[in-house]
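>>> pasting the sequence and the predicted coordinates here, then a few questions.
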Amino acid sequence: MKKIFRLIILVISFNASAQEMSNNMVVAEEDNRNGNGYYTSYLIALQNLNDVKKLDIQKEDSDLFLNSQTYFPNLNDLVINFSKKVYKSRDFENFNNLENIMITYSWNLTKLPDNFTSLKSLKKIFIYNCGLVDLNENFFSNLNIKSVGICGNHISKLPSIPLNNNIQYLNIGYNPISELPTSFENLKELKTLSLKGTDFEIFPSEILDLTKIEKLELSKTRIANIPTELIKLKNLRNLYLVGLNIKQIPSSLKDSQLTNVWISDENLSKKEKNNIIKSLPKKCNIYWTSNYNQMLDIDEKCYCER
């Protein structure tokens, strides 16, 4: 009986030691991810302010950062995920080296500081799946910014876009936006545009002046007609029309440079499909699909839906 009891004690002790080793390994692994400029723990980052170049944090750490005034002088890349308790973001005024900001899945975040986009080094801003209801009137005023993603918020209106901006990528998908500002035509450098999941019912004519566009996402909007003037977009290669009630394509697009078109076919007759095929360039690849989650063929993907 004593031998059995000792055996039970040994098994319990072994399991406890194994669990402690496992916990230590997790901590060690976490510690190993914090250093050489890259930090996933806000508390560890606070101990190494001058070393932090990329801060990739989530949940409680995200809340702590967004509520603090701590300055990381060499921070270049900021990624914030799953903030739960912050409604208004902190000020970023002194982050002069910050080039990239990504804030995702922070549904309670409804407001950004007025100077959020004013940093001179800033090039990329992604705010996906958050609670933003509007953007400051100066949101697009920084002419150094090249990529903007505000997918999956509650924004119904875009602020004015200045002349000489350098935005090449713009994703405003899954917002209740139904019209574009007249200044949208100032996006002369724009190459990729996603309106996916917005409230547009008519193809926005402002897009037709953006001749550098290469990739255009209209999927899951209520647009039912593609204008003949789309031929003006001489650089357009990829066109996404999934989830639309499109019955025909303008025959003018037969002379376009389109190489890939994604389009829904579940409600099309055989004749309608054949007419669409005839209206597109012979070398154009047509992907008949009802999968509106098809992603843009680009690096900056928007994994969001309201």
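Structure received. Here the structure is a predicted model, which is why all the values come from computation and not from measurement.
>>> report the contact partners of Lys234.
Residues near Lys234 by C-beta atoms under 8 Å, 6 or more residues apart in numbering: Thr211, Gln257. All C-beta spots, glycine's among them, are computed from the backbone N, C-alpha and C.
>>> excluding its backbone neighbours, what's nearest Asn70?
Just to correct that, residue 70 is Thr rather than Asn. Leu46 (6.5 Å; C-beta to C-beta, 6 or more residues apart in numbering).
>>> my guess is that neighbour contacts Phe72. True?
No. Leu46 lies out of contact with Phe72 (C-beta atoms under 8 Å); the separation is 9.1 Å.
>>> compare the two (neighbour count), which wins?
Phe72 (22 against 15; other C-beta atoms under 10 Å).
>>> which residues sit in contact with the more buried one?
Ala45, Leu49, Val52, Leu55, Phe95.
>>> which of those are buried?
The neighbour-count test (16 or more other C-beta atoms under 10 Å) marks Ala45, Val52, Leu55, Phe95 as buried among those.
>>> could I get those as JSON lines with distance to Gly35?
Shown next, in JSON lines, are the buried ones among the contacts of Phe72 (distance: C-beta to C-beta, whole Å):
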{"residue": "Ala45", "distance to Gly35": "10"}
{"residue": "Val52", "distance to Gly35": "10"}
{"residue": "Leu55", "distance to Gly35": "13"}
{"residue": "Phe95", "distance to Gly35": "21"}
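>>> looking at those, which one is closest to Asn238?
Leu55 (33.5 Å; C-beta to C-beta).
>>> state the distance from the closest one to Leu230.
Leu55 sits 42 Å away from Leu230, going by C-beta to C-beta, to the nearest Å.
>>> same thing with Tyr105?
35 Å.
>>> coming back round to it: export the buried ones among the contacts of Phe72 as JSON lines, with columns for secondary structure and distance to Gln248.
Formatted as JSON lines, the buried ones among the contacts of Phe72 follow (DSSP: H, G, I helix; E, B strand; the rest coil; distance: C-beta to C-beta, whole Å):
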{"residue": "Ala45", "secondary structure": "helix", "distance to Gln248": "56"}
{"residue": "Val52", "secondary structure": "coil", "distance to Gln248": "55"}
{"residue": "Leu55", "secondary structure": "strand", "distance to Gln248": "50"}
{"residue": "Phe95", "secondary structure": "coil", "distance to Gln248": "50"}
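>>> which one of those residues is nearest Ser269?
Nearest member of those to Ser269, counting by C-beta to C-beta, is Leu55, at 54.2 Å.
>>> any idea what the closest one is bridged to?
Tyr39, Leu78 (DSSP bridges).
>>> residues in contact with it?
By C-beta under 8 Å, 6+ apart, the contact list for Leu55 reads Tyr39, Tyr42, Ala45, Phe65, Phe72, Leu75, Asp77, Leu78, Val79.
>>> can you map out the helices along the stretch 201-306 of the chain?
All helices of the stretch 201-306 of the chain, identified by DSSP state H, counting those that start in this stretch, fall at 270-278.
>>> mind showing which ranges of it have poor pLDDT?
291-306 (pLDDT under 70).
>>> which residues in it form strands?
Using DSSP state E, counting those that start in this stretch, the strands of the stretch 201-306 of the chain run over 215-217, 238-241, 260-263, 285-288.
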